[in-house]
Structures are given as structure tokens and as C-alpha cells.
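Colleague: please work out how this folds:
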Amino acid sequence: GEAPIPPPTIPSIILENLPMFNSAFRFEERLRSLETSFYEHRQTNQEQVSRILPRVEESVNATLEAEVLTRSSYSSRTSYAVAADLSEMELKKILIEKM
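Modeller: A predicted model of the protein is given here:
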């Protein structure tokens, strides 16, 4: 019979990005939860909503800022790793040419 086909290898860049995707999905869950509770509050008491709204906005903004900082920090680390890999490959190429 034919040999079984091995499962495809997962590129390391995908594995490195998994934590980022996970935090993004959790962020969306939190946002949905906030929207739901805000909608419920809005239905019950309009006066309280006007007092709660600025706090909700602050919370969402703080969460978004933290997410952006996390992603930009992760992005620069990834760029550095790619640059380091490229430099290593260039050095190996130079060494091979010198042989």
C-alpha cells in the first residue's frame, strides 16, 4: 500500500502568532459582554447610563491602547527576529563564497 501522508508542518510564524490571536479573541468576548451589559443597563435606567457611559468609554479605550501596545511590541520583536535570521543567512552565504 501507499505510505501515509505526514501531516503538514506548521510554519513557526503561525505558532508565534497564536498567543496574539488568543488575546484578540478574548478581547472580542469582553467587548461583547460589555455591549450586552450596557444594552441591559440602557433598557433599565437612562439616568444611570449617562453616568456609566464615560467609565465604559475609558475602560474600552484603555483596553484598546493596551492591545495596540502589546501588538506593536510583539511586531517589533518579530521584525528583529526576522532581521537576525536574514543577517545569519547573509553571513553563511559570505562564508560559503569565501571557501
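Colleague: for the rest of this, base every contact and every neighbour count on C-alpha atoms.
Modeller: Fine.
Colleague: for the chain, which helix is longest?
Modeller: Ranked by residue count, the top helix of the chain under DSSP state H comes out as helix 46-98.
Colleague: report all helices and strands that that helix contacts.
Modeller: Helices and strands touching helix 46-98, by 3 or more Cα pairs under 8 Å, 6 or more residues apart in numbering; DSSP states H and E, are helix 12-44.
Colleague: average model confidence for the helix it packs on?
Modeller: Across helix 12-44, the average pLDDT comes to 72.
Colleague: what do you get for stretch 62-73?
Modeller: Throughout stretch 62-73, pLDDT has a mean value of 76.
Colleague: for it, which positions count as buried?
Modeller: residue 67 (16 or more other Cα atoms under 10 Å).
Colleague: make 23 the starting number, not 1.
Modeller: From this message on, residue numbering opens at 23, which makes the last subject stretch 84-95.
Colleague: dump it to CSV, restricted to CA.
Modeller: Listed next in CSV are the C-alpha coordinates belonging to stretch 84-95 (Å, rounded to 0.1, in the frame of the first residue of the first chain):
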residue,chain,number,x,y,z
ALA,A,84,-7.6,51.6,28.0
THR,A,85,-8.2,48.0,26.8
LEU,A,86,-7.7,49.1,23.1
GLU,A,87,-4.5,51.0,24.0
ALA,A,88,-3.1,48.0,25.9
GLU,A,89,-3.9,45.7,23.0
VAL,A,90,-2.2,48.1,20.5
LEU,A,91,0.9,48.4,22.7
THR,A,92,1.1,44.6,23.0
ARG,A,93,0.8,44.1,19.3
SER,A,94,3.3,46.8,18.3
SER,A,95,5.8,45.5,20.9
